[in-house]
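J.: predicted model, plus sequence, below.
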Amino acid sequence: MAMSIMRINIGPIHPSTHGLLRLIVDVEGDTIENIDTRIGFLHRGVEKLLENRIYMQSPPFMEKIDYVAPMSWDELFVATVEQATGTEVKEGAQYIRMILLEFQRIASHLLWMGTFLNDLGQMFTIFMWAFRERAAVLKLLEDVAEGRMFYVNFRLGGMKSQPPSDFIDRAYGLADYLETKVPEYKDLIDNNPIFMQRTKHIGVLKRQDAIECGVSGPVLRGSGVYEDVRKSNPYYKFEKIKFSLPTMVNGDVYDRYRVRYEEIFESIKIIKQCLREYGSLENKDATGLKIKLVGPNAKPDPVIVNRELPRGEGMIYMVPEPQKPYRAAFRSPSFSNIFALKRIAIGSRFADLFAILGSLDIVMPDIDK
Amino acid sequence: MADSEEAGFLNAERKMDRLIYKGQTAEQPNVLFVKLADIMKHANPLKTWSRKNSVWPMLFGLACCAIELMDFGAERIDAERKGYLLFRGTPRQCDVMIVAGWVTKSIAPRLKTLYEQMASPKYVIAYGECATCGGPWFESYNIIHGIDQILPVDIYVAGCPPKPENLFQALINLQKKIGGDIIGDSERSISPSVGRIQEKRL
């Protein structure tokens, strides 16, 4: 006997949707027949707000686009303004930025790991461990940038201030600490048969589908595509730094987890090399221009800048006026990643929906803007 | 507004009492249950004592401040010792609603529904500047300027975002507001490792 189709509403306020996301799911028995994604519950019009502010008033808005990795969006915007005004970044500041951004990537991946394991039902063990390590990273960022979650630390051509005198030693110590602590997770995650059953061969996104959906970041690399802005369009000193891109073959939930897990160690490699390079620099000056009422004038040509954010490729297209943007448009990674949800989830089981949604690592304000 | 709301609470409680007694008279009366209901009806100190020492927050977050809410629930602060037991997933089991994040026009009616689904007495904490007054999004076209325009607020927490410690302090203040002192407030303790601590910075 054929079962009738049942419609289930999830959200918009639901603990497992990582923000305000509404899903309307049609299920037949336990199989998802169709899924309808409703977004926009957090829309506040950042692009419009930018048009009424001078350039360096905007970073506090940009940080709140992706609050799990605020520094990366801040840097993307400041880099766009730097390109528009033609400001050179000091060599010391380039290394400091790379170090801080990689630490931010690690903090973001750790938070994702904790919440993802919570979604799968392994309540709170990994969550506590991941937050313990994340707290150590945030402590360093707080001492460098004078803010716990939001930093507003980037200035045109450099940073707000010099890093503290013990920055290099502490960053080395923190990198070593993470290198010893994060492998401990593997015993709890990879050796856990329940985790493996709930993630292996679940939510498969094939290579061709991933390219067609326009996903980026760890989701794309989990499907076996070797693509990263740090490799394909290297910015700052990424050409000099040796690191590899972890890619997987199957494109299932486990592969997306695995890519992020390996990326933590690649980030540690980048941090250590950058610290060595920064330590051997003669001129360690990293301070940028102070914020003034009238900053450097921007050229009228439109600019486009892309960066590898923790969630994927972020991009800003900006048509500048001398002191403020005429129009700025964002390409946020979560916005394109969530479109893969429909393609993955149809045909899979309802119980796996939140494993799939969690593995895409979406942040809702990043989508709603 | 406060008066009418209080009257509403009282009416609801009276209705509940009537229902309890009805149930008891229709069938075999449970003596213990009747006595307990009687005590709860007359002994207000017991009521306030149990209310203020088991404040259960609701598990929901709107935006950035929810990340600090997660940090509050993680290893940083052991909040359970003060009675904020667990973040509950349904509004029907909760006493306090922590609004963490900006409230857009589309989410405001849903927020109100959540508040109405909670069992009284219920309390609201506006956590962070967006929930307090609109915060950095004050000039946006899609933002409610503070949740006090749609809900009665008990405690405001300032900051963008406030630290988890600030939420801890806000919940302690809420307990004081509910009534009396807090369990463990008069006790003083000293760590066995005092004097031997070497702070290791990472």
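T.: Yep, it's here.
J.: what strand or helix carries residue A:34?
T.: For residue A:34, the host element (DSSP states H and E) is strand A:31-38.
J.: OK, contacts around the residue positioned nearest the centre of chain A?
T.: Centroid-nearest residue in chain A, with C-alpha atoms, centre = their mean: residue A:310, separated by 2.5 Å. Contact analysis of residue A:310 by C-beta atoms under 8 Å, 6 or more residues apart in numbering or on different chains lists A:66, A:68-69, A:72, A:104-105, A:108-109, A:217. C-beta: built from backbone N, CA, C; applies to glycine.
J.: and the furthest pair within those?
T.: A:104 and A:217 (14.0 Å; C-beta to C-beta).
J.: so what touches stretch B:104-113?
T.: A:12-13, A:20, A:40-44, B:62, B:99, B:103, B:142-144, B:147, B:150-151.
J.: can we see that at 6 Å?
T.: A:41, B:142, B:144, B:150 (C-beta atoms under 6 Å, 6 or more residues apart in numbering or on different chains).
J.: quick check: closest non-adjacent residue to the first one.
T.: Put plainly, it is residue A:41. Nearest non-adjacent residue to residue A:41, counting by C-beta to C-beta, 6 or more residues apart in numbering or on different chains: residue A:20, 3.7 Å away.
J.: residues in contact with the one you found?
T.: Per C-beta under 6 Å, 6+ apart, neighbours of residue A:20: A:12, A:41-42, A:364.
J.: just to check, residue A:360 is in contact with residue A:337?
T.: Yes - counting by C-beta atoms under 6 Å, residue A:337 is a contact partner of residue A:360 at 5.0 Å.
J.: around chain B, pick out the residues from chain A.
T.: Residues of chain A that fall close to chain B, judged by C-beta under 6 Å from any C-beta of the partner chain: A:13, A:15, A:41, A:43-45, A:60, A:64, A:67, A:128, A:131-132, A:136, A:149, A:173-174, A:177, A:365.
J.: which of those residues are buried?
T.: Using 16 or more other C-beta atoms under 10 Å in any protein chain shown as the burial test, the residues of chain A next to chain B include A:13, A:15, A:41, A:43-45, A:60, A:64, A:67, A:131, A:136, A:149, A:173-174, A:365 as buried.
J.: taking these one by one, which sit in helices?
T.: Using DSSP state H, A:60, A:131, A:136, A:173-174, A:365 are the members of those that sit in helices.
J.: which of the residues you listed sits closest to chain B?
T.: residue A:131 (3.7 Å; C-beta to the nearest C-beta).
J.: so for the closest one, what's the pLDDT?
T.: Listed pLDDT for residue A:131 reads 88.
J.: and the residue nearest to it when sequence neighbours are not counted, how many neighbours?
T.: Distances taken as C-beta to C-beta, 6+ apart put residue B:74 closest to residue A:131, at 3.7 Å, once the chain neighbours are dropped. Residue B:74: 20 surrounding residues under other C-beta atoms under 10 Å in any protein chain shown.
J.: same check, this time on the one 4 residues further on
T.: Other residues near residue B:78 number 8, with proximity taken as other C-beta under 10 Å.
J.: and what of the one 5 residues further on?
T.: Residues within reach of residue B:83, counting by other C-beta under 10 Å, total 18.
J.: could you do residue B:126 as well?
T.: Neighbour tally, residue B:126, other C-beta under 10 Å: 26.
J.: which strands and helices sit next to whichever strand or helix holds it?
T.: Assigned by DSSP H and E, residue B:126 belongs to strand B:123-127. Judged by 3 or more C-beta pairs under 6 Å, 6 or more residues apart in numbering or on different chains; DSSP states H and E, strand B:123-127 is in contact with strand B:96-100, strand B:155-157.
J.: and residue A:145, what does it touch?
T.: A:151, A:153.
J.: so it versus residue A:107, what's the distance?
T.: Residue A:145 is 12 Å from residue A:107, where distance means C-beta to C-beta, to the nearest Å.
J.: backbone dihedrals for the nearest residue to residue A:250 once chain neighbours are set aside, please?
T.: Distances taken as C-beta to C-beta, 6+ apart place residue A:204 nearest to residue A:250, at 6.5 Å, with adjacent residues excluded. Backbone torsions of residue A:204, given as degrees, to the nearest 10, read phi -80, psi 130.
J.: stretch A:35-54: which residues count as buried?
T.: Per 16+ other C-beta under 10 Å, stretch A:35-54 contains these buried residues: A:35, A:37, A:39-46, A:49-50, A:54.
J.: likewise for stretch A:15-27?
T.: Buried, per 16+ other C-beta under 10 Å, within stretch A:15-27: A:15-23, A:25, A:27.
J.: and the residues you listed, which is closest to chain B?
T.: Of those, the one sitting nearest to chain B (C-beta to the nearest C-beta) turns out to be residue A:15, at 5.2 Å.
J.: immediately after whichever strand or helix holds residue A:129, which helix or strand?
T.: According to DSSP H and E, residue A:129 maps onto helix A:125-145. Using DSSP H and E, the helix or strand that follows helix A:125-145 towards the C-terminus is strand A:154-155.
J.: contacts for that next one, please.
T.: Under C-beta under 6 Å, 6+ apart, the answer for strand A:154-155 is A:74-75, A:78, A:288-289.
J.: could you flag which of those are buried?
T.: Those of the contacts of strand A:154-155 that meet the buried threshold are A:74-75, A:78, A:288, by 16+ other C-beta under 10 Å.
J.: tell me which residues are up against stretch B:49-65.
T.: Contacts of stretch B:49-65 (C-beta under 6 Å, 6+ apart): A:13, A:15, A:64, A:67, A:365, B:69, B:83-85, B:87-89, B:91, B:94-98, B:100-102, B:127-128, B:161, B:175, B:178-179, B:183.
J.: could you pick out the buried ones from those?
T.: A:13, A:15, A:64, A:67, A:365, B:69, B:83-84, B:87, B:91, B:94-98, B:100-102, B:127-128, B:161, B:175, B:178.
J.: quick one on the thing from earlier: now, among the buried ones among the residues of chain A next to chain B, which is nearest to residue B:122?
T.: Using C-beta to C-beta, these come closest to residue B:122 at residue A:13, 16.2 Å.
J.: before we move on, back to that, looking at the buried ones among the residues of chain A next to chain B, which has the smallest pLDDT value?
T.: Among those, residue A:15 carries the lowest pLDDT, at 74.
J.: who are the contact partners of that residue?
T.: B:59, B:89.
J.: what do you get if the cut-off is 8 Å, keeping everything else the same?
T.: Here residue A:15 is in contact with B:59-60, B:89 (criterion: C-beta under 8 Å, 6+ apart).
J.: ok so, going back, measure the residue nearest to the centre of chain A to chain B for me?
T.: 14 Å (C-beta to the nearest C-beta, to the nearest Å).
J.: what's the spacing between residue A:179 and chain B?
T.: 13 Å.
J.: right, and that residue touches residue A:268 too?
T.: Yes - with contact defined as C-beta atoms under 8 Å, residue A:179 counts as touching residue A:268 (5.6 Å).
J.: quick one: which of the contacts of residue A:15 is nearest residue A:295?
T.: residue B:60 (40.6 Å).
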